[in-house]
Each structure stands twice: as structure tokens, then as C-alpha cells.
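Q: Structural data only, the sequence is not supplied:
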């Protein structure tokens, strides 16, 4: 059976072996998680999650950057930590006329207790995704899209997610997505030049992060040929992108930096798309095509830490067009 709270690692219910697992959750909401390394395929007992049910297994990946994927067609939320699936839950997104926007967001604000100024209703565990009112929060779960645009979660699951995320955590809301894959980029991040070259060109103009604990997101837009750097959801730097084979799509992808140096980097990558069956698994070649000016690369280098998110898109992402009619690439405060 499906569970409503945290799954016991020793139970042999809804278990099995997998690498990342979201692909096992089909239209029926089936979900499989590994219980122990000794679990065999004969132990698998997949079960559908009913409205309000979820599984939370943080022990599968105790530390590392978190990424959240909301599948609108499946009405499910997947939580990954360090590229490992640690939780899945039923959810309820926007009803007709109040559709939840699709795209890549970062958590802009968090409120353990919150009351909507529009609907005058309590919304515990609010995690704001846009300045227009879209958020993750506790809400009704009838088994179909019923909200006014937000993503409703079970109360206990929302508590767990609230504790696992931070300002800047990426949230992908999509019609389709791929599971995270490990990607090793043999070159320096975004073609970043060696420290000596950057220092020679910048001198004392080097940029430093405004906060040691700040969460950084990097957005690369092929149509704009621009790279945008957001820190805790606020735009802190931008500049020209040098994209090789610029007539070819980069794709809609999210990369989470795991670590590295000027000799190479390790990433977790996933593709997403607004339409069902539109996502494509990303590869190293996407990262290798992107470069930028030394001053912009230095702004990235100064903020780079495990958990830094890099988003590529073939949609415009300027201050005026960052949000489309049905697809928000990245939301940030408007100055």
C-alpha cells in the first residue's frame, strides 16, 4: 500500500531498486523506492498513490542540493536530493481558467505560516515561486487540478519539503521531464578561463557574492544570447553569451553543479518541456557550447558552490520577456 508519512527503510512495501525512479511513476501514480541494498526484484510491490498520499525517504540521500519537479499531467511532485529521488507526493495544480504556469522557478520566499491576502485563507508551508502569487503550500487534494494556480501539497509532506529546501531551490513545473542524469563536463564551467587570465583582465574589478550562504541560479537564453546570474532570486549580473552553433537549440534543461574546478565539473542534469513527451535527456555537449565574457564568468565563479543551478532555454529571457503567456523561464524581483 502507499504511505501517508515517512516510509520505514525496513518495510517491504512500495519498494524496489532504481537509479532515480521518477520514470516508474506513470499515469497511475505508481511509485517505487529502494528499501535496502539487498532488496531484490521479487520484493517489488508497486502501489498507486491516492489523493493526499506520499512517500518521504530522506535517508536515501541525507545531504546535497535539492530540486523539485511538479508533473501537471500526473498531478505528482518529485523531490530529488543530490540527484537521488527521496520523495514523491500527490498534488493539485491550477484548475481550468487558473492554470499553474509551467517552467523553471526558484523559491523566492518561505513562510511557515501564511494567510492569503487574496483568498483570506491559511496557507501553511508557503514557498513562493512568483511575485504574482504562485507558490507551493498545503491545500486541498481532490485528485485533480483544483487550485487557483498554486501547487497544493499534503500537510505532512509540505512540512518535510519546507525543511529540505532553501531560498533559491529550483522548482520545475512541466508537462514532461527526464530523470536526473550524471554529467561530467571535462572543461571548466561555461568555458570559464583560468584564474590568471581573469585576474589579468579584471584587476580589482572582481565581483564577490553578497552572502556566503546565497543560492545562485544561472540562466542561459539562446535567443537573447545572454547569461543571467540570480542570487537568492535577485538578478546580480548579466552579460553576453557566446553559444557555439547558435542556430541549433540548446533545449530546456536544468543542471545542478555537484563540484569541480577549472579542469572539469560534475553536474546532475534533467530536461523539461511544457508539453507531454517533449523532454529530452541533456548531455555534456550542451554545456560545452556555452561561454561568456571574463567579467561575467568571474561573477559566476565567485558564487559557484554545490547546488548552483544552471538553466538553458530556447525562449527569450530578458527583463521584459522572461515570462511568457504559459511558460515562465525564471522569475525574479522586478526593479
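A: That came through fine. Not measured: the values here are computed from a predicted model.
Q: Is residue 103 bridged to anything, and to what?
A: Using DSSP bridges, the bridge partners assigned to residue 103 are residue 173, residue 328.
Q: Just the pLDDT for it.
A: For residue 103, the model assigns a pLDDT of 83.
Q: looking at it, it is touching residue 254, isn't it?
A: No: counting by C-beta atoms under 8 Å, residue 254 is not a contact partner of residue 103; they are 10.5 Å apart. Where you see a C-beta, it was placed from the backbone N, CA and C, and this is true even at glycine.
Q: which residues are in contact with both of the two?
A: Residues within reach of residue 103 and of residue 254 at once, by C-beta atoms under 8 Å, 6 or more residues apart in numbering, are residue 172.
Q: How about residue 292, nearest residue that isn't a chain neighbour?
A: residue 227 (5.1 Å; C-beta to C-beta, 6 or more residues apart in numbering).
Q: Tell me the spacing between the one you found and residue 217.
A: Here residue 227 is placed at a distance of 11 Å from residue 217 (C-beta to C-beta, to the nearest Å).
Q: do residue 67 as well
A: On the measure of C-beta to C-beta, residue 67 and residue 217 end up 11 Å apart.
Q: joint contacts of those two?
A: With C-beta under 8 Å, 6+ apart as the test, residue 67 and residue 217 both reach 170, 309.
Q: next structured bit after the helix or strand containing the residue nearest to residue 292?
A: Residue 227 belongs to strand 226-231 when assigned by DSSP states H and E. Following strand 226-231 in sequence order, the next helix or strand is strand 234-243 (DSSP H and E).
Q: what's the average pLDDT for that next one?
A: The average pLDDT within strand 234-243 is 86.
Q: Tell me the buried residues in the next helix or strand after that strand?
A: Moving toward the C-terminus from strand 234-243, the next helix or strand (DSSP H and E) is strand 253-261. By 16 or more other C-beta atoms under 10 Å, the buried positions in strand 253-261 come out as 253, 254, 255, 256, 257, 258, 260.
Q: for stretch 48-58, same thing?
A: Applying 16+ other C-beta under 10 Å to stretch 48-58 flags 48, 49, 52, 53, 54, 55, 56, 57, 58 as buried.
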